[in-house]
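> quick one, structure for this:
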Amino acid sequence: MAGKTKSGVFTDQDVIDANQKLLDAIASGDYATYSSLTASDLTAIEPESRGHPVHGLAFHKYYFDLYSHPRMVQREGTRSLIPNVITMSNPHVRWLGGGCCSDGCGEGTAAVITYVRLDQSMPEGDVEGGGPTTKTMSETRVWENRDGKLVNVHFHKS
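Numbering: from 1, shown residues only. Reported below is the predicted structural model:
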């Protein structure tokens, strides 16, 4: 996994693994893991911000708090029978800085990962009705090597 390394060198797979861990934290509402993988100075542009850039983690923490609030969890149709699943379709990693080559050697100071995000869910209220749903969106995340640890510093979701 993409924790601290002695050499500070990461592979494409390290970036993909870190990104999936972040997406799993989002799907499960695990803010502790989410915040350990994201920079405190994170920037983002996403539909939830109506296309406006947001800075820091407070904007995102609101959603973690909202969906874990007891009144929200107890509302009909908001609980899931099975956990939400987020999958990356066709992830592609590109390294920036540090003179990295195209073989995924990870010697750059930052990596950009692009993919189509597939969010699958089965709301409790939909068991008899529509069944599972899948939402898709294009997502780009920038991961930076900070002191030998991969940290998500920016993302754009549309």
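> where along this structure do the strands fall?
Along the chain, the segments classed as strands by DSSP state E run 38-45, 54-55, 85-96, 110-121, 133-146, 149-157.
> and residue 24, which of those strands is closest to it?
Closest approach to residue 24 among these is made by strand 85-96 (6.9 Å; CB to CB). To be clear about C-beta, it is placed using only N, CA and C from the backbone, and glycine gets the same treatment.
> can you pull the buried residues of the closest one?
With burial defined by 16 or more other CB atoms under 10 Å, the residues of strand 85-96 counted as buried are 85-86, 88, 91, 93, 95.
> by mean pLDDT, which helix or strand of this structure comes out lowest?
One helix or strand of the chain scores below all others by mean pLDDT, DSSP states H and E: helix 70-74, with a mean of 49.
> quick one, the longest helix anywhere in the chain and strand 38-45 angle?
Secondary structure of the chain per DSSP state H: the longest helix is helix 12-28. Here helix 12-28 runs at an angle of 80 degrees relative to strand 38-45 (axes from the mean of the first three to the mean of the last three CA atoms, to 10 degrees).
> so, low pLDDT: which residues of the chain?
By pLDDT under 70, the weakly predicted segments of the chain are 1-8, 67-83, 98-108, 123-130.
> returning to that earlier point: could you say what helices and strands the longest helix of the chain packs with?
With contacts taken as 3 or more CB pairs under 8 Å, 6 or more residues apart in numbering; DSSP states H and E, helix 12-28 sits against helix 31-37, strand 85-96, strand 110-121, strand 133-146, strand 149-157.
> out of these, nearest to residue 53?
It's strand 149-157; of those, that one is closest to residue 53 (CB to CB) at 9.5 Å.
> what strands flank that closest one, and is each parallel or antiparallel?
strand 38-45 (parallel), strand 133-146 (antiparallel) (DSSP bridges).
> neighbours of residue 154, how many?
For residue 154, the neighbour count with other CB atoms under 10 Å is 19.
> OK, contacts around it?
By CB atoms under 8 Å, 6 or more residues apart in numbering, the residues touching residue 154 are 42-44, 141-142.
> residue 35 versus that one, what's the distance?
Residue 154 sits 16 Å away from residue 35 when distances are taken as CB to CB, to the nearest Å.
> now tell me what touches stretch 43-55 from outside.
Taking CB under 8 Å, 6+ apart as the rule, stretch 43-55 contacts 41-42, 59-60, 63, 137, 153-158.
> how about 7 Å then?
Residues outside stretch 43-55 that contact it (CB atoms under 7 Å, 6 or more residues apart in numbering): 41, 59, 154-158.
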